[in-house]
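Colleague: sequence first, predicted coordinates after that:
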Amino acid sequence: MQVEDQSPAGERRETLSELEDLLHVVQEMCRRLSYETHGDAFPRVQELSALLLQARELVSGLRQAEAD
């Protein structure tokens, strides 16, 4: 049985992890939308996907800073 960290820092780490996972799922949905429904890379969806990647990188940086 794993004991969860209920401290404010533990809650932040968990929230950042969940946010990063959520952004990954949304980015994958954008890729699917772009390639499956348009047959080719749809520029607006590609732009959204790039922004989501930037957001994931920022969240990853926040997670790393939280771990330090």
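Modeller: Noted; the coordinates are in hand. Numbering: from 1, shown residues only.
Colleague: distance from the chain centre to whichever strand or helix holds Glu57, please.
Modeller: Using DSSP states H and E, Glu57 maps to helix 43-67. Helix 43-67 sits 6 Å away from the centroid of its parent chain (Cα atoms, centre = their mean, to the nearest Å).
Colleague: would you mark the buried spots in it?
Modeller: Buried residues in helix 43-67, counted by 16 or more other Cβ atoms under 10 Å: 45, 48-49, 52, 55-56, 59, 62-63. All C-beta spots, glycine's among them, are computed from the backbone N, C-alpha and C.
Colleague: same deal with stretch 11-18?
Modeller: 13, 16.
Colleague: same question for that stretch, mean pLDDT?
Modeller: Across stretch 11-18, the average pLDDT comes to 91.
Colleague: what's the spatially most central residue of the chain in contact with, if anything?
Modeller: In the chain, the residue lying closest to the centroid (Cα atoms, centre = their mean) is Leu23, at 2.6 Å. Neighbour list for Leu23: 52, 55-56, 59 [criterion: Cβ atoms under 8 Å, 6 or more residues apart in numbering].
Colleague: tabulate those (a markdown table), appending pLDDT and distance to Met29.
Modeller: Formatted as a markdown table, the contacts of Leu23 follow (pLDDT from 0 to 100; distance: Cβ to Cβ, whole Å):
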| residue | pLDDT | distance to Met29 |
| --- | --- | --- |
| Leu52 | 90 | 9 |
| Ala55 | 94 | 14 |
| Arg56 | 92 | 14 |
| Val59 | 93 | 17 |
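Colleague: and of these, the nearest to Arg31?
Modeller: Using Cβ to Cβ, Leu52 comes nearest to Arg31 of the contacts of Leu23, at 9.8 Å.
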